[in-house]
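Q: requesting a structural model of the entry that follows:
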Amino acid sequence: MGWGGRSFLLFRRALPLLPCYFPRLLCHPLSDQTIYAPLDVVFCFSRCSALGLNDLETVEPTEGGEGGDKGGGLAGKELESKRASFFQQIKDMVGKDVSSLLSVPVYFMEPFTNLQKMAEIMEYASLLNQAADQDDEHLRLALCAAFAVSMYPSCERTCKPFNPILGETFQYHDKSLELDFLAEQVSHHPPVGVAHATTPRWSYHITSCPSTTFLGNSIEIFPKGRTRIHFVGSDDTYYVIPPTTKANNIIVGWPWIDSYGTLTVGCSSGAKCELEFTPCGWTGSGRWEVDGYVYSREKVKVLKVYGKWNHSISYVPCDSEGKVSPGKEPVVLWTANPKPEGDKYGFTYFAHKLNSVDDAVDHLLPSDGRRRRDRYLLEKGQQGEAQSAKSTIEEQQRAERREREKRGDTWTPRWFEAKTHHFETFPGEPTPEEFATWDWKGLDFIGHGPDCRDAREDHAGQGFAPWQYPDLHDQQKQMDDQPPPPPSAAATSSSS
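A: The predicted structure follows:
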């Protein structure tokens, strides 16, 4: 490493070890708002055009640890040269929000979409049923906090999901819980995904508009949005403010994910739970650790909640100073399900279920992401064909935008409608001025919509049609309705 690289690393290490706690980037890169960044990012701006691989700092926690995932994703040896090559294309984006600026090659991706990622929290939806059974407000709040934490084991995956196309949807149905879930991409610039889940006992709603900061060999994700959980019996509404997540060593080194900061789960009654996600130290200390309290409406500590976000969460009663009550034993609220061994992408069993047509839904909308040819081909290990299909879908989206501009039309989401004022926000959430919220239209989406066929596995990768102007894509639709080509022997080997 040259002296320039050494000086850069020495400069960074002389900074406080928590540079992550800077003002969050809440502006879109196409706006005229000022971007605030930590000193080490500003330092990069003056040299990013000359930044080389030797200048990138790798941060690796100690190996091992309960529940750690060292396999799959971007960690494969075959991707090392591709990751290095991709950096030469994106190094001038250091310090920017890249959430909608990059078209990422498929070898960086997993056969999953961001809308499916939004659905992964439903793996532990039974926690909300348990919360609905609770008469004790504080235990109900602790269970809601465990539910909010339960999605993080699935966030350890290092490959990027596909960005949804405008109008794309994803459905999930759980017969045992009588749960119906639907997510829709309602905006492309900035990217906004909205999801709604209903059961007879509770509802879940999220508007998600995350922003990112590309830091060279890592990327920070700020999960800006609004989440609501409403219980029918108690008529309480809960909100969730997530912590920051960071993907480390995305170009060189072993890729891994960390989450840090405060997770807040609050209730409309005034009670709340605050959990601190400990940032992983340089020696791996504190990795995955979560610790905090449930506070009463009077802001008094009543329950201590702790654990590891990749493994389990427990609670134990405490006094107003946070000391555990004598003779009280901890109670486990949630334990993560085991993951498949040696999975190429680090998928959970539930992620595989969400990728399945037969297991997850009875009817398949034409806009459902499981119909995407690029996602399906990547799942089957056909990277070349997947890249070509991804480029085709992206060009179809650009053609739609040009047609809208030509006609003077606007895009109207099918399942949600924007609400720009007169809605409640909670502390820590974006204001109505920052972006709208999206209300569920309340339509019965099961079996609804043109070309909505019974879900069968042979519909995966076929008939994807979220389009506003279907006539623009008739020729491509005829091609997409043909079964995808069988995987070659090499592709079959690489996907196993």
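Q: contacting residues around the helix ranked longest in the chain?
A: Assignment by DSSP state H gives helix 383-407 as the longest helix of the chain. Helix 383-407 has contacts (Cβ atoms under 8 Å, 6 or more residues apart in numbering) with 103, 105-107, 162, 165-166, 188, 372-375, 377-378, 409-411, 464, 467-469, 472-473, 476, 484-485, 491, 494. For glycine as for every other residue, the C-beta is placed from the backbone atoms N, C-alpha and C.
Q: any idea which helix or strand comes after it?
A: Once the chain leaves helix 383-407, the next helix or strand it forms, by DSSP states H and E, is strand 416-419.
Q: neighbouring strands - and their directions - for that following strand?
A: Paired neighbours of strand 416-419 in the sheet (DSSP bridges): strand 437-440 (antiparallel).
Q: show me what counts as buried in the partner strand.
A: For strand 437-440, burial by neighbour count (16 or more other Cβ atoms under 10 Å) applies to 437-438, 440.
Q: tell me the buried residues in the helix or strand where residue 172 lies?
A: Residue 172 belongs to strand 169-174 when assigned by DSSP H and E. Across strand 169-174, burial judged by 16+ other Cβ under 10 Å covers 169-174.
Q: so residue 431 makes contact with residue 425?
A: Yes - between residue 431 and residue 425 there is a contact at 6.3 Å, judged by Cβ atoms under 8 Å.
Q: the more surrounded of those two?
A: Per other Cβ atoms under 10 Å, whichever of residue 431 and residue 425 has more neighbours is residue 425, with 13 against 8.
Q: state the distance from the more buried one to residue 225.
A: Per Cβ to Cβ, to the nearest Å, residue 425 is found 11 Å from residue 225.
Q: so where's the stretch 351-496 of the chain shaky on pLDDT?
A: Low-confidence segments of the stretch 351-496 of the chain (pLDDT under 70): 359-362, 444-460, 475-496.
Q: all helices for it, in order.
A: 357-360, 373-379, 383-407, 474-480, 489-495 (DSSP state H, counting those that start in this stretch).
Q: looking at those helices, which is closest to residue 184?
A: helix 383-407 (14.9 Å; Cβ to Cβ).
Q: which parts of the closest one are buried?
A: For helix 383-407, the buried set under the neighbour-count rule, 16+ other Cβ under 10 Å, comprises 383, 385-387, 389-390, 392-393, 396-397, 400.
Q: the longest strand along the chain packs against which elements?
A: Using DSSP state E to define each element, the chain has its longest strand at strand 256-267. Contacts defined by 3 or more Cβ pairs under 8 Å, 6 or more residues apart in numbering; DSSP states H and E place strand 256-267 against helix 137-149, strand 237-241, strand 244-248, strand 272-277.
Q: dump the helices of the stretch 351-496 of the chain into a markdown table; add distance to residue 221 as well.
A: Putting those into a markdown table (distance: least, Cβ to Cβ, whole Å) gives the following:
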| stretch | distance to residue 221 |
| --- | --- |
| helix 357-360 | 26 |
| helix 373-379 | 21 |
| helix 383-407 | 22 |
| helix 474-480 | 31 |
| helix 489-495 | 27 |
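Q: who touches stretch 127-143?
A: Stretch 127-143 is contacted by residues 144, 146-147, 150, 177, 199, 201-202, 204, 229, 231-234, 236, 238, 265, 267, 269, 271-273, 294, 296, 302-303, 305, 315, 333-334 when judged by Cβ under 8 Å, 6+ apart.
Q: counting neighbours, which of these end up buried?
A: Neighbour-count burial (16+ other Cβ under 10 Å) applied to those gives 144, 146-147, 150, 177, 199, 201-202, 204, 229, 231, 234, 236, 238, 265, 267, 271-273, 294, 296, 302-303, 305, 315, 333-334.
Q: before we move on, the earlier item: ranking the helices and strands packed on strand 256-267 by burial, who's on top?
A: Using mean count of other Cβ atoms under 10 Å, the stretch among those with the greatest mean number of neighbours is helix 137-149 (a mean of 25).
Q: beyond that one, next helix or strand please.
A: strand 160-162.
Q: quickly run through the sheet partners of that following strand, with directions.
A: Strands adjacent to strand 160-162 in the sheet, as given by DSSP bridges, are strand 109-113 (parallel).
Q: element containing the spatially most central residue of the chain, please.
A: Nearest to the geometric centre of the chain sits residue 117, at 5.1 Å (Cα atoms, centre = their mean). Secondary structure assigned from DSSP H and E places residue 117 in helix 114-119.
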